[in-house]
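K.L.:
just to be clear, the model below is a prediction. Sequence and coordinates:
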Amino acid sequence: MKHTLSVLVEDEAGVLTRIAGLFARRGFNIESLAVGPAEQPGISRITMVVPGDDNSIEQLTKQLYKLINVLKVNDITQTPCVERELMLLKVNVSAANRAEVLEVAQVFRARIVDISDDTVTIEVVGDPGKMVAIMKMLSKFGIREVARTGKIALTRESGVNTEYLKSLQAKVS
């Protein structure tokens, strides 16, 4: 199972290196990693997606707390969250299929950020499922390049689990 960890750390040189080293020593692969300033000056939030079972993630969390500069670790996998990712896609186009590529981008509420005679660069923001879906739709045109951020997430203060609501809506339909 993939776990999403939200880690608050002091914003100092070498913190990310120590965390990555801890994961490497324990044989964990970090599938997604995003780091940026948090709500307080001098504090950064690291959002990581890591495969592992509940016990191994619990042990990893305990090890993270032992590191200097780690302030708080939350496994937010089962917590209602708002999750987002950013992706840039450079897609092959021709005069014959340009309109179709632009239509796919519009359906996914993506933005065209660059255009040339033979490519279109598209900016997509959304949940990780949206990223997979648009890539699948555009792959038939030929994807030249992809740049993707790691997943970022914040817990929902409302406590509303949108994934649960989606599953209910699917059952009704």
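P.N.:
Good, I have the coordinates. No experiment lies behind these values; they were computed from the predicted model shown.
K.L.:
hang on, isn't residue 85 packed against residue 123?
P.N.:
No - checked against C-beta atoms under 8 Å, the pair residue 85 and residue 123 is beyond contact range at 11.4 Å. The way it works is simple: take the backbone N, C-alpha and C, and place the C-beta from them, glycine included.
K.L.:
comparing the two, which residue is more hemmed in?
P.N.:
residue 85 (20 against 14; other C-beta atoms under 10 Å).
K.L.:
now whichever strand or helix holds the more buried one: buried residues?
P.N.:
Per DSSP states H and E: residue 85 is located in strand 81-92. Buried positions in strand 81-92, judged by neighbour count with 16 or more other C-beta atoms under 10 Å: 81, 83-91.
K.L.:
show me what it is packed up against.
P.N.:
Judged by 3 or more C-beta pairs under 8 Å, 6 or more residues apart in numbering; DSSP states H and E, the packing partners of strand 81-92 are strand 119-126, helix 128-138, strand 143-148, strand 152-155.
K.L.:
now for those, which one comes closest to residue 14?
P.N.:
Evaluated over the helices and strands packed on strand 81-92, closeness to residue 14 peaks at strand 152-155, with 22.3 Å, by C-beta to C-beta.
K.L.:
quick one: mean pLDDT for that closest one?
P.N.:
On average, the pLDDT along strand 152-155 is 92.
K.L.:
what strands line up against that strand, and which way round?
P.N.:
Counting by DSSP bridges, the strands paired with strand 152-155 are strand 81-92 (antiparallel).
K.L.:
what are the contacting residues of the helix or strand just after the strand it pairs with?
P.N.:
Sequence-wise, the next helix or strand downstream of strand 81-92 (DSSP H and E) is helix 98-107. The set of residues external to helix 98-107 that reach it, using C-beta atoms under 8 Å, 6 or more residues apart in numbering, is 91, 93, 111-112, 120, 122, 134, 137-138, 141.
K.L.:
and the nearest residue to residue 142 once chain neighbours are set aside, what are its bridge partners?
P.N.:
Using C-beta to C-beta, 6 or more residues apart in numbering and skipping residues adjacent in sequence, the residue nearest residue 142 is residue 92, 3.8 Å away. Beta bridges link residue 92 to residue 119 when assigned by DSSP bridges.
K.L.:
wait, residue 92 sits on residue 117?
P.N.:
No - at 10.9 Å, residue 92 does not count as touching residue 117 under the criterion of C-beta under 8 Å.
K.L.:
if we can go back for a sec, contact partners of the strand holding residue 85?
P.N.:
By C-beta under 8 Å, 6+ apart, strand 81-92 touches 4, 101, 113-114, 118-128, 131, 134-135, 138, 141-156.
K.L.:
shaky segments in this protein?
P.N.:
Across the chain, the ranges flagged by pLDDT under 70 are 162-173.
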